[in-house]
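Trainee: Quick check, what structure comes out for this input:
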Amino acid sequence: MTRSSHPLPSNRRRFMASSALASLGWIAAPGLAHAAGAQSAGSASNVPPDGPAEPLVLLARAELARLGPAIAQHDLVGIADFSLPSNQPRFYLVDMQAGRVAHSFLVAHGRGSDPQHSGRVQRFSNEVGSNASSEGAYRTGEQYIGKHGRSIRLDGLDSSNSNAEVRAIVIHSAPYVSAAVLQAQGKLGRSEGCFVFSDDDHELVLERLGPDRLLLAGMF
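Mentor: From the prediction side, this is the model:
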């Protein structure tokens, strides 16, 4: 299994994100999602090409440069910004060729990252059995049919998510991610560390993301 030889600490990733904002005259706020023009709730949303999505693009470019040949496909990058609560679209598909965010989605985090079910990530963990989300860079793998239907395997490329394969951290869908759940409880359900989408959004994520691409998770 190929790993990045230069893992980027979480504080360095946050510094890069803040620097990207500062270079454009933005005041760093919790979550680059605010810079990407995310909506407060709902499923996939298109972000206009002239929207202020540049900080996410800069972050994606920096990570692709860091990882080098570990990521074969550079046309699209997925970014999960867990600084935002689960009731906001916080997973972004960044079109690197167009230089903009193409879509944003609701995505669940791990129950081990949010033990009190506050709707916010409190901590990350790479430990087996933690049921937590892990921060870092992932390489998307092959699709397969599992207990949650069509799913995508993930390979953790940093020391902070190196157990992704052992922990079976994947992309899949589940009923606890939906507009109905948000309306009922004001937050999504929690996964065991996987990136979980609604049934409708999941199909688009699988279609667009595919194998050998970068998925980046953290608090940006």
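Trainee: From now on I want contacts and neighbour counts done on CA atoms only, so please keep to that.
Mentor: Will do.
Trainee: all helices of the chain, in order?
Mentor: Secondary structure of the chain (DSSP state H): helices located at 10-23, 33-36, 54-67, 179-185, 199-209.
Trainee: buried stuff in the fourth one?
Mentor: Translated: helix 179-185. By neighbour count with 16 or more other Cα atoms under 10 Å, helix 179-185 contains the buried residues 179, 182.
Trainee: model confidence over that helix, on average?
Mentor: Across helix 179-185, pLDDT averages out at 96.
Trainee: now the first one
Mentor: Computed over helix 10-23, the mean pLDDT rounds to 47.
Trainee: correct me, but E135 touches S162?
Mentor: No - contact criterion Cα atoms under 8 Å: E135 and S162 do not qualify, at 10.0 Å.
Trainee: neighbour-wise, which of those two wins?
Mentor: Higher neighbour count among E135 and S162: E135, with 25 against 22, using other Cα atoms under 10 Å.
Trainee: ok, and what's touching the longest strand out of those in the chain?
Mentor: The residue-count maximum for a strand in the chain (DSSP state E) belongs to strand 136-146. With Cα atoms under 8 Å, 6 or more residues apart in numbering as the test, strand 136-146 has contacts from 8, 10, 63, 70-71, 150-158, 160-161, 209-218.
Trainee: Just the C-alpha atoms of that strand, please, in CSV.
Mentor: Extracted in CSV, the C-alpha atoms of strand 136-146 (Å, rounded to 0.1, in the frame of the first residue of the first chain):
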residue,chain,number,x,y,z
GLY,A,136,-6.2,13.5,6.1
ALA,A,137,-5.9,12.7,2.4
TYR,A,138,-7.5,9.6,0.9
ARG,A,139,-7.2,8.0,-2.5
THR,A,140,-10.5,6.7,-3.8
GLY,A,141,-10.5,3.1,-4.8
GLU,A,142,-12.7,0.6,-6.6
GLN,A,143,-16.5,0.5,-6.3
TYR,A,144,-18.1,-2.6,-4.8
ILE,A,145,-21.5,-3.8,-3.7
GLY,A,146,-21.7,-4.1,0.1
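Trainee: got the buried residues for it?
Mentor: 136-141, 143.
Trainee: Can you list the strands that it pairs with?
Mentor: Strand pairing for strand 136-146, using DSSP bridges, gives strand 149-156 (antiparallel), strand 214-218 (antiparallel).
Trainee: between that strand and helix 54-67, how big is the angle?
Mentor: Per axes from the mean of the first three to the mean of the last three Cα atoms, to 10 degrees, the angle that strand 136-146 makes with helix 54-67 is 90 degrees.
Trainee: Tell me which residues are up against stretch 113-133.
Mentor: 82-87, 109-112, 134-135, 160-164, 166-167, 187-188, 190-194.
Trainee: starting at the chain centroid, how far to stretch 197-212?
Mentor: Offset of stretch 197-212 from its chain centre (Cα atoms, centre = their mean, to the nearest Å): 12 Å.
Trainee: Pull out the buried residues from that stretch.
Mentor: Neighbour-count burial for stretch 197-212, counted by 16+ other Cα under 10 Å, picks out 197-199, 201-202, 205-206, 209-212.
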